[in-house]
Structures are given as structure tokens and as C-alpha cells.
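*Asks:* What follows is a predicted structure for the sequence shown.
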Amino acid sequence: MIDFEEELKKFHPSLEVEDAEEAIHNRDVTDMMDLLFSMLSVKSKDKDD
């Protein structure tokens, strides 16, 4: 049988995963609030014209 505790002790995450994680966290991602503010500013500019 597999000893899961022993296998977990041997586990080391790959460098690729760690690099990807860092890239994802450092990326400036547009979220829903950014999109909403952008849409509202466009609408208010159209309204002023």
C-alpha cells in the first residue's frame, strides 16, 4: 500500500509552478470594478456632449 504521509514528505513543487504563481500575482489584472468605472466614465462623457 502507498504511505501517503511518506509520499507527501518527498513532494517538492516544481519551479515552473512557483514561477507561474509569482507572475500571476504580479500581473495587474482588470477586474469588474475597473470595467464598471470605465463604462461609467464613457457614459458620462457621452452624456456631457
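*Replies:* Structure's in. What do you need? For clarity, every value in this text was computed on a predicted model and none was experimentally measured.

*Asks:* Please count neighbours and contacts with C-alpha atoms only from this point.
*Replies:* Fine.

*Asks:* pLDDT wise, what is residue 47 at?
*Replies:* The per-residue pLDDT reported for residue 47 equals 71.

*Asks:* three-state assignment of residue 5?
*Replies:* Secondary structure, DSSP: H, G, I helix; E, B strand; the rest coil: residue 5 is helix.

*Asks:* distance between stretch 18-29 and the chain's centre?
*Replies:* Centre-to-centre, stretch 18-29 and its host chain are 7 Å apart (Cα atoms, centre = their mean, to the nearest Å).

*Asks:* what about dumping the CA coordinates of that stretch to PDB?
*Replies:* Output of stretch 18-29 as PDB, limited to C-alpha atoms (Å, rounded to 0.1, in the frame of the first residue of the first chain):
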ATOM      1  CA  GLU A  18       6.400  28.800  -8.400                       C
ATOM      2  CA  ASP A  19       7.400  31.000 -11.300                       C
ATOM      3  CA  ALA A  20       3.900  30.900 -12.700                       C
ATOM      4  CA  GLU A  21       2.400  31.800  -9.300                       C
ATOM      5  CA  GLU A  22       4.700  34.800  -9.000                       C
ATOM      6  CA  ALA A  23       3.800  36.000 -12.500                       C
ATOM      7  CA  ILE A  24       0.100  35.700 -11.800                       C
ATOM      8  CA  HIS A  25       0.300  37.600  -8.500                       C
ATOM      9  CA  ASN A  26       2.500  40.400 -10.000                       C
ATOM     10  CA  ARG A  27       0.200  40.900 -13.000                       C
ATOM     11  CA  ASP A  28      -2.100  43.900 -13.000                       C
ATOM     12  CA  VAL A  29      -5.400  42.400 -13.900                       C
END
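
*Asks:* begin at 49 from here
*Replies:* Taking 49 as the first residue, the last one we looked at is stretch 66-77.

*Asks:* outside of it, which residues touch it?
*Replies:* Here stretch 66-77 makes contact (Cα atoms under 8 Å, 6 or more residues apart in numbering) with no residue beyond itself.

*Asks:* Going by secondary structure, the residue nearest in space to the middle of the chain is in what exactly?
*Replies:* A centroid search over the chain (Cα atoms, centre = their mean) returns residue 72, at 5.0 Å, as the residue closest to the centre. Residue 72 is part of helix 63-74 when elements are defined by DSSP states H and E.
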